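sequence plus predicted model, see below.
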Number of protein chains: 2
Amino acid sequence: MNNAPIGIFDSGVGGLTVAREIMRQLPNESIVYFGDMARVPYGSKSKETVISFSEQIVRFLQEKEVKAIVVACNTASAFALPDIVSDVTIPVVGVIEPGAKAADAITKNKKVGVIATEGTVRSGMYAKVIKAINPEIQVFQKACPLFVPLVEEGLLYDSITIEVADRYLHDLLSYGIDTLVLGCTHYPLIRRTIQKVAGENVSLVSPAYETAKELEKIINENNINSSLESAVHRFYVSDSADRFKKLASSILPCDIEEVGHVNIEQYG
Amino acid sequence: MNNAPIGIFDSGVGGLTVAREIMRQLPNESIVYFGDMARVPYGSKSKETVISFSEQIVRFLQEKEVKAIVVACNTASAFALPDIVSDVTIPVVGVIEPGAKAADAITKNKKVGVIATEGTVRSGMYAKVIKAINPEIQVFQKACPLFVPLVEEGLLYDSITIEVADRYLHDLLSYGIDTLVLGCTHYPLIRRTIQKVAGENVSLVSPAYETAKELEKIINENNINSSLESAVHRFYVSDSADRFKKLASSILPCDIEEVGHVNIEQYG
């Protein structure tokens, strides 16, 4: 059991920013990563659909005998975490609570911005979790649906992306936020552009780092640390592997050689 | 049979630009429209996945006893049309052949541009069909993956959309095209922006009009004209109806009151 892999999933490649952090912080832990490339994105879809997709993926990961699950997708964390937790007996970690804790630790003026998908914003989950930690914090949210396609188009630091970011961040900045949560796992890839637009006085929070920390804590508490000398990482997608491999190579520090195909609808 | 509806499908709302044209040209024909909002978009996905999704939808439309099928999605037309045609015994109309015919009829200098999704461009289907009609025509293609999210964000005529269009059309315009095919059913919604960037000397071709003409021809040839005095249109989606209704109201001349939900994966 201890040497079993960690299951990580996302709607696509964005969750690799979380996987990357887990590989860095927990180098002995093996990973089974699933990216739902056939049905990406989740951010514009309904709660019911995101729960249904997430539960199919959890059934696939359980078949791979994972010892814990990381929901490396903000939209799935916002909508499906309670259902996943009640479906399984292994530990489950989402990205929202770690991100909320980090925002609470960093903000000084108690004004926190959250940028995320439409779904994550609609769920109100970041505001709820941040306020549960510290009711004095004011939370301002903004859905940024163009950021994911801009990242996938490779326009990471481009005049178009800067103009879009200017538009999206305008109101949040006018409220005087000093902390901005990157509430979608794609957004760390345009961190430099977002920082430029937000200015140096705004601290950016990427839940990936804190999520890996939280996972480490849970692994220690449950005494399920891996004793492997070299971890083995496996990658699966619901669509063809080509596009995933291409996008993944810009996120992970290493090339992915093999990617398995899964007919995820069969887990319905 | 004659009063049975026409089945129309798309990955989402874009196909409503085709449905709108069919309603206009064939006001007595009833329509069953299916938008695959749970798995939208198709344009970035593999041929195998688009075929699998399309065949599920065709099975659903057959259950609704449609008398003909319109594949109102360029990516599905590019990848899945031969499979759909061999799956069913009723007439099937895609959007690519009508668009190609219109481009051939319009171009004077025999230089035609095609803008479309990554999938449609990768399939090379527009170039193949246009060249089959007239081998002298030179076809220049460009994938424009940001156009669909820009349309869905409502930035139909905006400085950001103009800058993106400038970037995408630059090479096509430098080749001296006089005709530009809008090879994605979302693109007619930003026709004004595209025309502004392309200039007055470039004729824009929207396959929707020609597709409705082609459908009319096939209905006449098969003697399956409807004798209904008032047509009945029904709409179905694979995700919740809210987002579909909102986007649809900006495309159709009337509000959609009822939208059915379909668990499309069950048709696998």
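On my side now, so go ahead.

quick check: next helix or strand after the helix or strand of chain A at the bottom of the mean pLDDT ranking?
When the helices and strands of chain A are scored by mean pLDDT, DSSP states H and E, helix A:241-248 comes last with a mean of 92. Note on helix A:241-248: by DSSP states H and E, the next helix or strand toward the C-terminus is strand A:259-261.

now check the least confident helix or strand of chain A, is it near chain B?
Yes. Helix A:241-248 lies within reach of chain B by C-beta under 8 Å from any C-beta of the partner chain, at A:242-243. Backbone N, C-alpha and C define where each C-beta goes, glycine included.

centre of the chain versus that helix, how much separation?
18 Å (C-alpha atoms, centre = their mean, to the nearest Å).

tell me the buried residues in it?
Residues of helix A:241-248 classed as buried by neighbour count (16 or more other C-beta atoms under 10 Å in any protein chain shown): A:241, A:243-245, A:247-248.

and if you look at stretch A:21-29?
Neighbour counts using 16+ other C-beta under 10 Å place A:21-23, A:26, A:29 of stretch A:21-29 among the buried residues.

start to end distance for that stretch?
12 Å (C-alpha to C-alpha, to the nearest Å).

so what touches that stretch?
Residues external to stretch A:21-29 that are found in contact with it (C-beta atoms under 8 Å, 6 or more residues apart in numbering or on different chains): A:5-6, A:8, A:31, A:70, A:208-209, A:211-213, A:215-216, A:219, A:225-229, A:231, A:233, A:252.

which of the residues you listed are buried?
The neighbour count (16+ other C-beta under 10 Å) marks A:5-6, A:8, A:31, A:70, A:208-209, A:211-213, A:215-216, A:219, A:226, A:231, A:233, A:252 as buried among these.

sitting in strands, which of those residues do you find?
A:6, A:8, A:31, A:70, A:233 (DSSP state E).

would you check which pair of those residues lies furthest apart?
Across these, the longest distance by C-beta to C-beta is 13.2 Å; it joins A:Val70 and A:His233.

quick one: the helix or strand harbouring A:Lys128 to chain centroid distance?
Taking DSSP H and E as the definition, A:Lys128 sits inside helix A:125-133. The chain centre lies 17 Å from the centre of helix A:125-133; the measure is C-alpha atoms, centre = their mean.

quick check: residues of the stretch 51-200 of chain A near chain B?
Counting by C-beta under 8 Å from any C-beta, the stretch 51-200 of chain A sits next to chain B at A:145-146, A:148-150, A:152-153, A:159-160, A:163-164, A:167.

let's see if you can find the most crowded of those.
Per-residue neighbour counts (other C-beta atoms under 10 Å in any protein chain shown) across these peak at A:Val164, which has 28 neighbours.

could I get the pLDDT score of the closest residue to that one other than its chain neighbours?
Take A:Val164 and drop its neighbours on the chain: the residue closest to it by C-beta to C-beta, 6 or more residues apart in numbering or on different chains is A:Leu146, 5.1 Å away. Reported pLDDT at A:Leu146 in the predicted model: 97.

still on that earlier bit, in the helix holding A:Lys128, which residues are buried?
Going by neighbour count (16+ other C-beta under 10 Å), the buried part of helix A:125-133 is A:125-127, A:129-131.
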